[in-house]
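**Student:** Okay, sequence plus prediction incoming.
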Amino acid sequence: MNEKRKHQRVKESAVISVKVLSAPDIPALEGKSFSCRTTDVAIEGLSLLTDIRVPVGAYLELDIILSGDSQQYRHTGNVIWSNVVASTNNDARAEQYHSGIKLNIESNSQQDCWCKAINRLLMEYGLPE
């Protein structure tokens, strides 16, 4: 498999609040907000585990608090992939979705703080920056 990522990812189960700003494939999602957790984070992206399907192409506003950090980071980003996670109890309502988000980091006023926070996590896990 060809790795397309430019930055190292770190496993991180951060609390995140999501607001769907645009969802061309499911317009009913627009304006909806929900909470979920990340499964990993990087400087330019992250992955989410959600209870609702957020389609590829959706544009999101994300408020993130990383472990060991009291600062809230606000980002916008686009869903670039999404997969159904198999339910473990044969209940279709229990399905979860694992989605990859490309962050719009260049236009973010918190870019330097975010990069430092991610690099701190990488160092804590002994991963190269």
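**Tutor:** Thanks, I have the structure now.

**Student:** Look up which residues are beta-bridged to residue 82.
**Tutor:** residue 99 (DSSP bridges).

**Student:** Tell me which stretches of this structure form strands.
**Tutor:** Taking DSSP state E as the criterion, the chain carries its strands at 10-11, 15-22, 33-41, 45-50, 59-65, 72-85, 96-103.

**Student:** With mean neighbour count, mean pLDDT and distance to residue 126 added, can I get those in a markdown table?
**Tutor:** Placement of C-beta: from N, CA and C, glycine included. Conversion of the strands of the chain to a markdown table gives the following (neighbours: other CB atoms under 10 Å; pLDDT from 0 to 100; distance: least, CB to CB, whole Å):
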| stretch | mean neighbour count | mean pLDDT | distance to residue 126 |
| --- | --- | --- | --- |
| strand 10-11 | 16 | 90 | 10 |
| strand 15-22 | 18 | 96 | 24 |
| strand 33-41 | 17 | 96 | 15 |
| strand 45-50 | 20 | 95 | 20 |
| strand 59-65 | 18 | 96 | 22 |
| strand 72-85 | 16 | 95 | 23 |
| strand 96-103 | 19 | 96 | 24 |
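
**Student:** Now stretch 111-121: buried residues?
**Tutor:** By neighbour count on 16 or more other CB atoms under 10 Å, the buried set for stretch 111-121 is 114, 117-119, 121.

**Student:** wait, which of the residues you listed is closest to residue 81?
**Tutor:** residue 118 (20.3 Å; CB to CB).

**Student:** Now that closest one: closest residue in space, sequence neighbours ignored.
**Tutor:** Spatial nearest neighbour of residue 118, chain neighbours left out: residue 43 (5.1 Å); criterion: CB to CB, 6 or more residues apart in numbering.

**Student:** What's the local residue count around the one you found?
**Tutor:** 20 (other CB atoms under 10 Å).
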